[in-house]
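Q: could you look at this predicted model? Sequence included:
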Amino acid sequence: MNIVVCVKQVPDTATERKLRSDDKTLDRDAADGVVNELDEYAVEEALKLKEAHGGEVTVLTMGPGKATETIRKALAMGADKAVHLTDEALHGSDALSTSYAMAQVLKKIGFDLVVLGSESTDARTGVLAAMLAERLGTPQLTLANKVDIEGSSIRIQRLTDYGFDKVEATLPAVVSVVEKINEPRYPSFKGIMAAKKKPVETLAIGDASIDAAQVGLAAAWSEVVDFAAAPPRAAGTVVKDEGDGGEKAAEFLASKKFI
Amino acid sequence: MSEILVLVEHVDGEVKKVTLELLTLARTLGTPSAVWAGPGITPDAKARLAEYGAEKIYVAPAGDIVEYVVAPKAELLAQLVADKSPSAVLVAATAEGKEIAGRLAVKTDSGVITDAVGLGEGFVADQSIFGGGINVQSKVRKGTPIVAVRPNSTAPAPAAGAGAEEEISVALSEAAKAARIVERVKQEKGARPELTEAAIVVSGGRGVGSAENFSIIEELADALGAAVGASRAATDAGWYPHQFQVGQTGKTVSPQLYIAAGISGAIQHRAGMQTAKTIVAINKDPEAPIFELADYGVVGDLHQVVPQLTEEVKKRK
Ligand SMILES: Cc1cc2nc3c(=O)[nH]c(=O)nc-3n(C[C@H](O)[C@H](O)[C@@H](O)COP(=O)(O)OP(=O)(O)OC[C@H]3O[C@@H](n4cnc5c(N)ncnc54)[C@H](O)[C@@H]3O)c2cc1C
Ligand SMILES: Cc1cc2nc3c(=O)[nH]c(=O)nc-3n(C[C@H](O)[C@H](O)[C@H](O)COP(=O)(O)OP(=O)(O)OC[C@H]3O[C@@H](n4cnc5c(N)ncnc54)[C@H](O)[C@@H]3O)c2cc1C
């Protein structure tokens, strides 16, 4: 089975994250880049499926040059090879153009299964998997906390507000995973060393039939008009519990008409 | 005024609160039309949609709309966008709402804004990004603006609309029927409101100390009619189910009131609750970062403070 797992490099949430003042896009130099945490669960699930059903796991990332760090991590975990879509023309792409560009690459490289995280920690749009399914015309099996494959049929448990849905489809398919699905493995020393020798194919937009007029800041379907640091919250009242802390909190809630 | 489509969130024939919020918001920008996808609309539901301003109610009662993952709803909305040329489409920024928005955006070649916390003139949306650190104004510049709005962004206010019903039939494509829902498993969650929709959320963290002690948090929540949340430390420890985790890798909540008990206020936790209107913190460490956010903080042992607060809430009811 040919599994492609999408991995995004995001700014570390532990560092200060910013937008660029010039073109209002993510400031990738301001913070350390790390693998989007949910994508580690996606890699783990892809590896588990490969272990059970055979085949190959390819990492796909779209991002600037330094996103190769993210690829290395996924390769060290055990993925077989990687495709890095990188091109200046992609800078500033919104969710529509990102999904378009990634769908073009997926059509080119082929797949039985695409696995993604359910959202990324920077933009958190949570739309990419659905958009890829729409563009590729393949079933959308998103928000999975369990994936089972048998021959060409795939079943997942899709988390919902009321519990979960059991969902069934036929491969090829697009799957997104939630963090409950597994426990991502740590790369071993051997894995890290082996990763250095694994093939990484670098693609520019022309290599994947991506139309330059459909990607990048100028083509984006949505735009950031303005942004500013959130004003600090006005300092609140803090009291020490002298045996009446609960009562005082209740008074506060009453003053705000919550009770 | 121009027509704005609002996708109705409904469970067992009942309209969810977030839909009333979206109708209220849509009224400030145009004329709202509610879109009911699937069977099961009731006279009560229609009355409620009209009460909150729906001039029209498009009902697509076909059963197959709800038998597949997300795609049929996007197809229905795409058909309405083509037929009615609305000025915008609003959906709730729930996980499913965002997925519908994403597919609709591709189908109609339109821009999509996710997780809006406000919406103004020209459909300029407010977003609160990076765990609440930055406020962004953004807008769609191609196609029909598709905006996913977070629950609790607007207070729902009634203002009667005509509620004229129009039945819609939609012929689903084969692609929309690719992922079939073979079973729906409802997990008992008692009478508590939905975490992402609740007006009040009471959350417990590592300071709660054990699974058993979470009953302290639940009792306060029940006294307030609130949902229960938890920090990752608490869900990872197995003290509370994962689906109640609030934060970066958990749920995003935006309630009127958020009470954090025994939670330090790590950046990843804040990412899920910082847009709460009012924040109350109970923590025994006066240096806990959660106090930087809190409108009201009590420095003390939650095992004393929370039960006392619960008693007071009950007394005042
Ligand atoms: C703060 C912020 C807010 C934004 N808001 C919007 C908005 O409202 N509308 C809009 O159209 N665009 C928006 N964008 C742009 C959008 O985030 C990017 O175009 C994009 O990478 C896709 O969205 P996502 O990361 O949120 O994807 P999600 O749907 O949250 O990510 C799901 C999964 O898709 C995969 N994935 C996502 N991007 C990549 C990638 N580049 N390479 C490999 N795998 C990937 C990962 O597995 C990830 O876990 C925003 C960007 C930022 C920084
Ligand atoms: C990539 C990533 C994603 C993450 N995602 C999330 C997420 O989605 N949600 C999330 O919550 N965290 C998330 N985290 C974890 C986060 O960094 C913190 O570790 C976590 O929020 C801590 O939970 P806590 O506040 O309950 O525990 P702690 O930080 O241990 O704080 C416990 C607090 O309880 C107080 N306390 C102890 N006993 C009492 C008592 N008897 N009475 C009153 N107060 C008491 C202590 O003073 C302390 O402030 C993530 C981390 C990473 C790296």
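A: Ah, there it is. Ligands and ions are numbered 1, 2, ... in the order given.
Q: phi, psi of residue 183?
A: No chain specified, so I'll use chain A. phi -120, psi 110 (degrees, to the nearest 10).
Q: actually, chain B is the one I wanted.
A: Note on residue B:183: its backbone torsions stand at phi -160, psi 140 [degrees, to the nearest 10].
Q: residues contacting it?
A: A:165-166 (C-beta atoms under 8 Å, 6 or more residues apart in numbering or on different chains). The way it works is simple: take the backbone N, C-alpha and C, and place the C-beta from them, glycine included.
Q: in the sheet, who's paired with it?
A: Counting by DSSP bridges, residue B:183 is bridged to residue A:166.
Q: from ligand 2, how far off is it?
A: 29 Å (C-beta to the nearest ligand atom, to the nearest Å).
Q: and for residue B:24?
A: 30 Å.
Q: that residue is in contact with residue B:161, isn't it?
A: No - the pair residue B:24 / residue B:161 is not scored as a contact, 11.1 Å apart, by C-beta atoms under 8 Å.
Q: who touches both of these two?
A: By C-beta under 8 Å, 6+ apart, the residues touching both residue B:24 and residue B:161 are B:52-53.
Q: can you list the buried residues in stretch B:66-81?
A: Going by neighbour count (16 or more other C-beta atoms under 10 Å in any protein chain shown), the buried part of stretch B:66-81 is B:68-81.
Q: ignore what I typed, I meant stretch B:180-188.
A: Residues of stretch B:180-188 classed as buried: residue B:180 (neighbour count, 16+ other C-beta under 10 Å).
Q: repeat for stretch A:85-98
A: Buried residues in stretch A:85-98, counted by 16+ other C-beta under 10 Å: A:85-87, A:89-98.
Q: just the ones of the residues you listed in strands?
A: Applying DSSP state E to those, the entries found in strands are residue A:85.
Q: skip ahead from the longest strand belonging to chain A and say which helix or strand is next.
A: The strand that spans the most residues within chain A, counting by DSSP E, is strand A:140-150. Going down the chain from strand A:140-150, the next helix or strand is strand A:153-160, by DSSP states H and E.
Q: list, one by one, the residues from chain B near ligand 1.
A: Neighbours of ligand 1 within chain B, by C-beta under 6 Å from any ligand atom: B:112-114, B:129.
Q: from those, which is closest to residue A:16?
A: residue B:129 (12.8 Å; C-beta to C-beta).
Q: so what pairs up with that closest one in the strands?
A: Beta-bridge partners for residue B:129, by DSSP bridges, are residue B:134.
Q: and the gap between it and residue B:266?
A: The spacing between residue B:129 and residue B:266, counted by C-beta to C-beta, to the nearest Å, is 18 Å.
Q: low pLDDT regions in the stretch 1-150 of chain B?
A: Low-confidence segments of the stretch 1-150 of chain B, defined by pLDDT under 70: B:1.
Q: show me where it has helices.
A: Secondary structure of the stretch 1-150 of chain B (DSSP state H, counting those that start in this stretch): helices at B:17-27, B:43-51, B:71-84, B:95-108.
Q: between those helices, which one is closest to residue A:57.
A: Comparing those by C-beta to C-beta, helix B:95-108 comes nearest, at 24.6 Å.
Q: and that closest one with strand A:153-160, angle?
A: 120 degrees (axes from the mean of the first three to the mean of the last three C-alpha atoms, to 10 degrees).
Q: number of nearby residues for residue 165?
A: Assuming you mean chain A. 19 (other C-beta atoms under 10 Å in any protein chain shown).
Q: hm, I was asking about chain B
A: A count of neighbours around residue B:165, defined by other C-beta under 10 Å, yields 16.
Q: cool, the one 4 residues further on as well?
A: Here the count is done by other C-beta under 10 Å, and residue B:169 has 9 residues near it.
Q: tell me if I'm right that it and residue B:62 touch.
A: Yes - counting by C-beta under 8 Å, residue B:62 is a contact partner of residue B:169 at 6.8 Å.
Q: tell me the residues on chain A that lie near ligand 2, please.
A: Contact residues (C-beta under 6 Å from any ligand atom) of chain A with ligand 2: A:13, A:37.
Q: which stretches of chain A form strands?
A: A:2-6, A:9-11, A:33-35, A:56-62, A:81-85, A:113-117, A:140-150, A:153-160, A:163-170, A:173-177, A:200-203, A:222-229, A:237-240.
Q: can you point out the buried residues in the longest one?
A: Going by neighbour count (16+ other C-beta under 10 Å), the buried part of strand A:140-150 is A:140-147, A:149.
Q: model confidence over that strand, on average?
A: On average, the pLDDT along strand A:140-150 is 98.
Q: neighbouring strands - and their directions - for it?
A: strand A:153-160 (antiparallel), strand A:173-177 (parallel).
Q: just give the nearest non-adjacent residue to residue A:207, would you?
A: residue A:108 (7.9 Å; C-beta to C-beta, 6 or more residues apart in numbering or on different chains).
Q: same check on residue B:159?
A: In space, and not counting its chain neighbours, residue B:159 is closest to residue B:53: 5.0 Å by C-beta to C-beta, 6+ apart.
Q: could you report the neighbour count for the one you found?
A: 27.
Q: does it really touch residue B:25, like I thought?
A: No - shown here, residue B:53 and residue B:25 do not form a contact pair, counting by C-beta under 8 Å, at 9.9 Å.
Q: farthest-apart pair in the buried residues of strand A:140-150, please.
A: Largest pairwise distance in these, by C-beta to C-beta, is 17.4 Å, between A:143 and A:149.
Q: need the per-residue pLDDT for the residue of chain A found nearest ligand 2.
A: Here chain A gets closest to ligand 2 at one residue, residue A:37, 4.1 Å apart by C-beta to the nearest ligand atom. Looking at residue A:37, its pLDDT reads 92.
Q: OK, contacts around residue 176?
A: Looking at chain A here, since you left the chain open. Going by C-beta under 8 Å, 6+ apart, residue A:176 touches A:42, A:115-118, A:129, A:141-144.
Q: wait, I meant chain B there
A: Residues in contact with residue B:176 (C-beta under 8 Å, 6+ apart) are B:68, B:71-72, B:74-75.
Q: what's the distance between it and ligand 2?
A: Noted for residue B:176: a distance of 33 Å to ligand 2, by C-beta to the nearest ligand atom.
Q: that residue - nearest residue in space that isn't next to it in sequence?
A: In this structure, residue B:176 finds its nearest non-sequential neighbour in residue B:71, 4.0 Å apart by C-beta to C-beta, 6+ apart.
Q: hang on, the one you found packs against residue A:140?
A: Yes - the criterion here is C-beta under 8 Å, and residue B:71 meets it with residue A:140 at 6.4 Å.
Q: overlap of the contact sets of those two?
A: Any residue near both residue B:71 and residue A:140 by C-beta under 8 Å, 6+ apart counts here, and that gives A:133-134, B:103, B:178-179.
Q: closest to residue A:59 out of those?
A: The nearest one, if we look at these relative to residue A:59 and count by C-beta to C-beta, is residue A:133, at 19.5 Å.
Q: apart from its chain neighbours, what residue comes closest to that closest one?
A: Per C-beta to C-beta, 6+ apart, closest to residue A:133 is residue A:140, 3.5 Å.
Q: quickly list what the one you found is bridged to.
A: Bridge pairing for residue A:140 (DSSP bridges) gives the partners residue A:174.
Q: give the helix, strand or coil label for residue B:292.
A: Using DSSP: H, G, I helix; E, B strand; the rest coil, the structure places residue B:292 in helix.
Q: cool, the one 5 residues further on as well?
A: Applying three-state DSSP to residue B:297 yields a three-state assignment of strand.
Q: OK, contacts around it?
A: Taking C-beta under 8 Å, 6+ apart, we find residue B:297 in contact with A:236-239, B:280-283, B:290-291.
Q: mind listing the residues bridging to it?
A: Beta-bridge partners, per DSSP bridges, of residue B:297: residue A:238, residue B:281.
Q: need the residues of the stretch 201-317 of chain B near chain A, please.
A: Taking C-beta under 8 Å from any C-beta of the partner chain as the criterion, the neighbours of chain A within the stretch 201-317 of chain B are B:224, B:242-243, B:248-249, B:252, B:256-257, B:267-268, B:271, B:278-280, B:282, B:286, B:291-301, B:304-313, B:316-317.
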